[in-house]
Structures are given as C-alpha cells and as structure tokens.
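K.L.:
Need coordinates for the following:
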Amino acid sequence: MTLSVGYLFMLDYLFFNQSVADEFIDFMNQHKLKWTQETEKIQNAIVLKTSEDIEDDLWDSLDNIYDELSDKDAKLSDNKATDSDATDTAGVYIQLKDGSQTIAKVNPEVMNRMLDVISMDEFNDFVEAIVTSVESPDDSAICKKK
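P.N.:
Down below sits the predicted model:
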C-alpha cells in the first residue's frame, strides 16, 4: 500500500499496470466496497481509493491481496523496463488537506533503515505530524503544562 498522509481518511493503492489494478477492482467489487480511480500525476500510475472505514478483517484481506498484486505489478513493470541505467528510488506520497498529492523523494537507503526500526504506522504518524505542522504552523512551545 502506498503511504497516504492527510485528512480524507482514504486508503490509496498504487498500480502501474491496468490489468493488475483490474484484479484489485474485482476484489473490491466482490466485497461491495465503494472506490474511485485516479491517475497519479507524477508517475502516471493508477491510484485506487477506498474508505478506511471498513472492518479489520476486510482491511487485512485488502492488504493481503494488494501485497500479492503488488508483486505481480512489479514483475510486469520490470519486464517492461528497458532502462539499464535505472537506479533505486523511494518516495513518500503525501496527500494535502486541499486534496492534492505530492511525492517527497527519499534516499532509499535511509528509508529502508528507518523502516527497519519503526513500523509503517509509526512512520505514517511521523510524516503526518510534519505535514500538519507545515500546513498549519504552530509556534507554541513544545513543552506545555497540562
């Protein structure tokens, strides 16, 4: 699952091949989930969105099928790749409170080291705190009496 930080409380699933995205759409339709499809502007990827307000079991199933399909998507994308000079990249997709998205490019080695010691939820919380602070600055003291 791609990282989506913001205020809309949507789960975003990123695909690079429509045929694989269609398999995920079929799964969502079978489970009667409402979803939308968008095109991510930076990489022209397919973004499928559904509400995060779903039962835990279904959320787990959604993540499991996404993990399987992500591997398939990556293999299809690798087979299409012809750039022998390609380098590893990493990025954090960030959804802003106005609904727009951006990507923060991150050194993949740094990203891997961070995710070796903290969970994805902790990382999401960290990024969300930064995004919130940038979009809604708060110059009050960090340490406050309760």
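K.L.:
after the helix or strand of the chain with the lowest mean pLDDT comes which helix or strand?
P.N.:
Ranked by mean pLDDT, DSSP states H and E, the helix or strand of the chain with the weakest confidence is strand 90-95, at a mean of 78. For strand 90-95, the following helix or strand on the C-terminal side (DSSP states H and E) is strand 101-106.
K.L.:
chain center to that next one: distance?
P.N.:
In terms of C-alpha atoms, centre = their mean, to the nearest Å, the centre of strand 101-106 is found 11 Å from the chain centre.
K.L.:
before we move on, what about stretch 48-58?
P.N.:
Counting by C-alpha atoms, centre = their mean, stretch 48-58 comes out at 14 Å from the chain centroid.
K.L.:
Which strands and helices lie in contact with the longest helix along the chain?
P.N.:
Selection of the longest helix in the chain by residue count, based on DSSP state H, yields helix 56-80. Other helices and strands packing on helix 56-80, by 3 or more C-beta pairs under 8 Å, 6 or more residues apart in numbering; DSSP states H and E, are strand 10-15, helix 18-30. C-beta coordinates here come from the backbone N, C-alpha and C atoms, glycine included.
K.L.:
Specify the angle between the longest one and helix 56-80 in degrees.
P.N.:
Read it as helix 18-30. Computed with axes from the mean of the first three to the mean of the last three C-alpha atoms, to 10 degrees, the direction of helix 18-30 lies at 170 degrees from that of helix 56-80.
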